[in-house]
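Undergrad: Take a look and give me a structure for this.
(2 chains)
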Amino acid sequence: MNALVTAGDEMLASGEANPKVIIDCKLDKVFYGDFLAVRDSHVPILKGHITGFIGPSGCGKSTVLRSLNRMNDLVQGFRFEGKVHFHDQDVYGSGVDPVVVRRYIGMVFQQPNPFAMSIFDNVAFGLRLNRFKGDMAERVENALRKAALWDEVKDKLKASGLSLSGGQQQRLCIARAIATNPSVILMDEPCSALDPIATRRIEELMKELKEKYTIALVTHNMQQAMRVADKTAFFSVEISKSGRTGYLVELGDTQQIFEDPREELTKQYIRGEFS
Amino acid sequence: MSGQNPSLPENETAVAPQLQRSWVERRALRSALLSGVAWIAAIIASIPLFSVLYGLIVRGGHRLSLELFTELPPAGFEEGGGFGNAIVGTLVTVTIGALISIPIGILAATFLGELEPDGRVAQAARFCAKTLTGLPSILAGVFAYAVVVLTTGTYSAPAAGVALALLMLPTVVLTAEEAMKMVPVNMKNAAYGMGCTRSQVIWKIVLPTALPGILTGVMLAVARAAGETAPLLFTALFSSYWFVENGHAELMAPIASLSVLIYNFSGMPYENQIELAWAASLVLVLLVLLFNILARVLGRKKV
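TA: Here you go, the predicted structure:
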């Protein structure tokens, strides 16, 4: 381990007013088969914060994000060294059900992916999955309001989720994710398929949502990280004979990362010297 | 090359460029020719269906009446009569075939499309299904004869159902698998991300989303089975009586069907029977057409 990789731990030690770590992510090595995809990436996710993951493509930021709720289990050949703790429990511990983990750590994907069912059923899906017994209509309305979509769809809840525009679909996916009240929402480039106006709406939404939820956000858009993230993790990629391996370069307050980065690599990336 | 391409302008300031299509140019001619050939081929391809329909309407149309659906087939020199029992028989045998092949087919497709798409078992099963599509239908009849008719000791609707199921199965499996593969990975990921187990993903997301495609396959299989004759000859045989007689349905007995009726009556020396065969052909084609239209309607329905 070198100085770079302990950046995250340092930040914890220096700390701030109320740095409760909700997901303690210490990935030392992540493999897909024999291929080392990510190394030395320790990214603590702080409660009530938005943690932005930035970096050039192929730097493993999505891989790290998807390790947090075990979505990588679906990829053949995935294995890792290190640990991921959620509320001090080992997410990969024996006996831990990945299905249950994902009910606490929800996810919003790059491509809006509503189910081929009505708007109402999309939001109610997770509730029904968890055998929710209360007032379904109220919960669905709340989730849609929180996702800033209610006014646009309240008259057509029976319409197909796929009939909405891209930006609306993505907000529907966010409503679907928050309907079950997860603790953490992982967002994997949620705006990259959207136009600038829809992107702005989703960004405002993220800022509102962090009052209640913790968000980890992968973005290829530095300005987006600057606008919404409280903490920013910068990843980079090194190319060796065996392939491209991503790693965490620097982690800190967003302002510090963008205005006064400690690492030369971060400086170059922020200045746009490579992407 | 130069003959095929419009001459490129020498420089920008030359005379105003010619943008109109030039019909003497070789590539424009070739394009028009190919479009014409494709049109003619498309028309030729649809001639058989329309000529068959036309022939059937001309020859069998005038016999269409309510009587056909309510009366039993006439014997020898009898006048009039109908083939109500054959319509019922076709529906009964096809229903039995569907009840056997649809559940097995969809479950097999789930295995092929979702559970173990690249496994050895899946590859073997897929190969078998594809081979089965080309199975001569008479062999399906022979198979059902050996397995069901010989063991039960009688020609029957279930025996015919087994033969038809064998013919329907590959269509159901292959189209259902294809429909399930069309469900976007994104959508499945979303379901996993919501905390779905694998079986929940299949039951709540994959199957409902793929349903229109699956139903299309089922309807095509049903349409094919309804028109089959050869597999019924050794299994259903024929009957001149109603399937339900005096409020009692005898399952384990020979049963009538439209296709076998056509086969039997078309070879008879009586004018009445031959006319009935034409009318039955028309009804059968309309039935198949109905299933095909249903397949299209169901396939188009989204959400």
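Undergrad: what about the residue nearest the centre of chain A, which SS state?
TA: Nearest to the mean C-alpha position of chain A, counting by C-alpha atoms, centre = their mean, stands A:Leu186 at 2.7 Å. What DSSP: H, G, I helix; E, B strand; the rest coil gives for A:Leu186 is strand.
Undergrad: For it, list the residues it contacts.
TA: A:Leu65, A:Arg66, A:Leu68, A:Asn69, A:Ile105, A:Gly106, A:Met107, A:Val108, A:Ile215, A:Ala216 (C-beta atoms under 8 Å, 6 or more residues apart in numbering or on different chains). Placement of C-beta: from N, CA and C, glycine included.
Undergrad: Which one (most neighbours) among those residues?
TA: Ranked by neighbour count (other C-beta atoms under 10 Å in any protein chain shown), the contacts of A:Leu186 have A:Ala216 at the top, with 30 neighbours.
Undergrad: partners of it in the sheet?
TA: A:Thr51, A:Leu186 (DSSP bridges).
Undergrad: just to revisit the earlier point, so which pair among the contacts of A:Leu186 is furthest apart in space?
TA: Maximum pairwise distance among the contacts of A:Leu186 (C-beta to C-beta): 15.0 Å, between A:Arg66 and A:Ile215.
Undergrad: Most distant residue from the centre of chain A?
TA: A:Asp155 (30.9 Å).
Undergrad: Could you give the backbone dihedrals for that residue?
TA: phi -90, psi 0 (degrees, to the nearest 10).
Undergrad: what's the spacing between it and A:Phe120?
TA: 12 Å (C-beta to C-beta, to the nearest Å).
Undergrad: With A:Ala148 instead?
TA: Distance from A:Ala148 to A:Phe120, by C-beta to C-beta: 17 Å.
Undergrad: in what helix or strand does A:Thr232 lie?
TA: Element membership for A:Thr232 (DSSP states H and E) is strand A:231-240.
Undergrad: Buried residues, that strand. List them.
TA: A:Lys231, A:Thr232, A:Ala233, A:Phe234, A:Phe235, A:Ser236, A:Val237 (16 or more other C-beta atoms under 10 Å in any protein chain shown).
Undergrad: Excluding residues flanking it in the chain, which one is nearest the third one?
TA: Once flanking residues are discounted, A:Ala233 sits nearest to A:Leu251: 4.5 Å by C-beta to C-beta, 6 or more residues apart in numbering or on different chains.
Undergrad: Partner strands of the strand holding A:Thr232, with direction?
TA: strand A:50-54 (parallel), strand A:243-253 (antiparallel).
Undergrad: and these, which is most packed in?
TA: strand A:50-54 (a mean of 28; mean count of other C-beta atoms under 10 Å in any protein chain shown).
Undergrad: Give the other helices and strands that the helix or strand B:Ala42 falls within contacts.
TA: Using DSSP H and E, the element containing B:Ala42 is helix B:26-60. For helix B:26-60, the packing partners by 3 or more C-beta pairs under 8 Å, 6 or more residues apart in numbering or on different chains; DSSP states H and E come out as helix B:271-300.
Undergrad: So is the helix it packs on next to chain A?
TA: No - Helix B:271-300 does not reach chain A (C-beta under 8 Å from any C-beta of the partner chain); its nearest approach is 13.8 Å.
Undergrad: Buried residues in that helix, which are they?
TA: Buried residues in helix B:271-300 (16+ other C-beta under 10 Å): B:272-274, B:276-285, B:287-288, B:291-292, B:294-295, B:298-299.
Undergrad: and it, how far from the chain's centre?
TA: Centroid separation for helix B:271-300 versus its chain: 12 Å, with C-alpha atoms, centre = their mean, to the nearest Å.
Undergrad: what does the stretch 151-300 of chain B put close to chain A?
TA: B:184, B:186-187, B:189-197, B:200, B:204-205, B:208-209.
Undergrad: Any of these buried? List them.
TA: For those, buried by 16+ other C-beta under 10 Å: B:187, B:189-196, B:200, B:204-205, B:208-209.
Undergrad: wait, which of the residues you listed is closest to A:Ser57?
TA: Closest to A:Ser57, out of all of those and judged by C-beta to C-beta, is B:Asn189, at 19.4 Å.
Undergrad: before we move on, back to that, turn the buried residues of strand A:231-240 into a markdown table, columns for distance to B:Phe83 and pLDDT.
TA: As requested, the buried residues of strand A:231-240 are exported to a markdown table (distance: C-beta to C-beta, whole Å; pLDDT from 0 to 100):
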| residue | distance to B:Phe83 | pLDDT |
| --- | --- | --- |
| A:Lys231 | 79 | 95 |
| A:Thr232 | 78 | 95 |
| A:Ala233 | 76 | 95 |
| A:Phe234 | 79 | 94 |
| A:Phe235 | 75 | 94 |
| A:Ser236 | 78 | 93 |
| A:Val237 | 74 | 91 |
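Undergrad: Out of those residues, which two sit at the greatest distance?
TA: A:Lys231 and A:Val237 (20.7 Å).
Undergrad: and B:Glu228, what does it touch?
TA: Here B:Glu228 is in contact with B:Ser137, B:Leu164, B:Leu167, B:Ser259 (C-beta under 8 Å, 6+ apart).
Undergrad: and with 10 Å instead?
TA: B:90, B:93-94, B:97, B:137-138, B:140-141, B:160, B:163-164, B:167-168, B:257, B:259-260 (C-beta atoms under 10 Å, 6 or more residues apart in numbering or on different chains).
Undergrad: what helices or strands is the following helix or strand past the helix holding B:Ala42 leaning on?
TA: Counting by DSSP H and E, the next helix or strand C-terminal to helix B:26-60 is helix B:66-70. For helix B:66-70, the packing partners by 3 or more C-beta pairs under 10 Å, 6 or more residues apart in numbering or on different chains; DSSP states H and E come out as helix B:84-110, helix B:271-300.
Undergrad: Report the separation between the residue in the stretch 1-150 of chain B positioned nearest to chain A and A:Lys20.
TA: When scored by C-beta to the nearest C-beta, the stretch 1-150 of chain B has B:Asp118 as its residue closest to chain A, at 10.0 Å. With distances taken as C-beta to C-beta, B:Asp118 is found 44 Å from A:Lys20.
Undergrad: okay, these two: which has more neighbours?
TA: A:Lys20 (11 against 7).
Undergrad: I'd guessed that one sits against A:Ser183; true?
TA: No - A:Lys20 is beyond contact range of A:Ser183, at 11.3 Å (criterion: C-beta atoms under 10 Å).
Undergrad: list residues touching both of the two?
TA: A:Lys47, A:His87, A:Thr214.
Undergrad: Name the nearest residue to the second one, ignoring sequence neighbours.
TA: Same thing as A:His87. A:Ile22 (6.7 Å).
Undergrad: cool, and A:Ile45?
TA: In space, A:Ile45 is closest to A:Ile23, 4.0 Å off (C-beta to C-beta, 6+ apart).
Undergrad: Okay, and the beta partners of the one you found?
TA: Assigned bridge partners for A:Ile23, using DSSP bridges, are A:Ile45, A:Phe86.
Undergrad: dump the residue contacts of it.
TA: Contacts of A:Ile23 (C-beta under 10 Å, 6+ apart): A:43-47, A:51, A:68-69, A:84-87, A:91, A:104-105, A:183-184, A:186, A:214, A:216.
Undergrad: how about the strands of chain A, start to end?
TA: A:21-32, A:35-46, A:50-54, A:78-86, A:89-90, A:105-108, A:184-188, A:214-218, A:231-240, A:243-253 (DSSP state E).
Undergrad: Just the endpoints, please. Distance across stretch B:197-210?
TA: End-to-end distance for stretch B:197-210: 18 Å, by C-alpha to C-alpha, to the nearest Å.
Undergrad: Which pLDDT value goes with residue 227?
TA: No chain specified, so I'll use chain A. Note for A:Arg227: predicted pLDDT of 94.
Undergrad: hmm, I had chain B in mind actually
TA: 90.
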